[in-house]
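K.L.:
need coordinates for the below:
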Amino acid sequence: MQDEPECCVLRFGHRPGRDDRMTTHVGLTARALGADRVILPDNAGQSAETVRDITDRFGGPFEVELNGEQRATIRNWEGTVVHLTMYGEEVQTVQDEIREVHAEEPILIVVGGEKVPFEVYDHADWNVGVTNQPHSEVAGLAVFLDRLFDGAELDREWEGGEQRVLPMETGKRVVSPEDIDEDGTVDPAAIDDEG
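P.N.:
Got it, this is the predicted structure:
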């Protein structure tokens, strides 16, 4: 997050048409749960545009990068590489050690999108599994980021967005940041009765 070394998520592989929604959700999850940047494969341009649009509308900072050299990015990363895989060490066993290392150096979190080559497993400092059971890579990323940041990502302040969601018990309400006072109260004129 903002006052720690960089946290970057790399989506390894993307099958256009088949993986569009999942790749987009990897980017959105990375943004919402504390990563500073996501690197998507260069053939995932539509997913990149969606994540950029959400960042513009709901705030950042968050960067989106398209990169066709994913293996080189992993090999050349100056910091820790964590590969999320159901075959890895249990997240609850390694989370404290990874958190300590990340306090000192950048972390690259690799999220596979198709068959991941052994080279990625071999180059990773940690291969980490969330439950060691088959499930969505987005779920694995969400759990890992929450463990990495120990819940602090949930209190993140968003800057520069065009819209803000007002938490409500029931209903949905989105307002412009200009309608929120410095003390966090909302200008009553900005609230409509439709919710």
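
K.L.:
which non-adjacent residue is nearest the one residue sitting closest to the centre of the chain?
P.N.:
The structure's the chain has its C-alpha centroid closest to residue 30; by CA atoms, centre = their mean the separation is 0.5 Å. Once flanking residues are discounted, residue 30 sits nearest to residue 9: 4.0 Å by CB to CB, 6 or more residues apart in numbering. For the C-beta atoms, the positions are set from N, CA and C on the backbone; glycine is no exception.

K.L.:
which outside residues touch the helix or strand hosting that neighbour?
P.N.:
Residue 9 belongs to strand 7-12 when assigned by DSSP states H and E. Residues from elsewhere that reach strand 7-12 (CB atoms under 8 Å, 6 or more residues apart in numbering): 1, 23, 26-27, 30, 34-41, 44, 70, 73-74, 102, 106-114, 116, 120, 141, 145, 148.

K.L.:
can you select the buried ones from these in PyMOL?
P.N.:
Provided next is the PyMOL selection string for whichever of the contacts of strand 7-12 are buried by 16 or more other CB atoms under 10 Å:
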select buried, resi 1+23+26+27+30+34+35+36+37+38+39+40+41+44+70+73+74+102+106+107+108+109+110+111+112+113+116+120+141+145+148
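
K.L.:
out of the contacts of strand 7-12, which sit inside helices?
P.N.:
Assignment to helices by DSSP state H places the following of the contacts of strand 7-12 there: 23, 26-27, 30, 70, 73-74, 102, 120, 141, 145, 148.

K.L.:
quick one: mean pLDDT over the strand holding residue 9.
P.N.:
Rounded to a whole number, the mean pLDDT of strand 7-12 is 98.

K.L.:
neighbouring strands of that strand in the sheet, and parallel or not?
P.N.:
Sheet pairing here is set by DSSP bridges, and for strand 7-12 it gives strand 37-41 (parallel), strand 107-112 (parallel).

K.L.:
can I get the ones you listed in a markdown table with mean pLDDT?
P.N.:
Conversion of these to a markdown table gives the following (pLDDT from 0 to 100):
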| stretch | mean pLDDT |
| --- | --- |
| strand 37-41 | 98 |
| strand 107-112 | 98 |
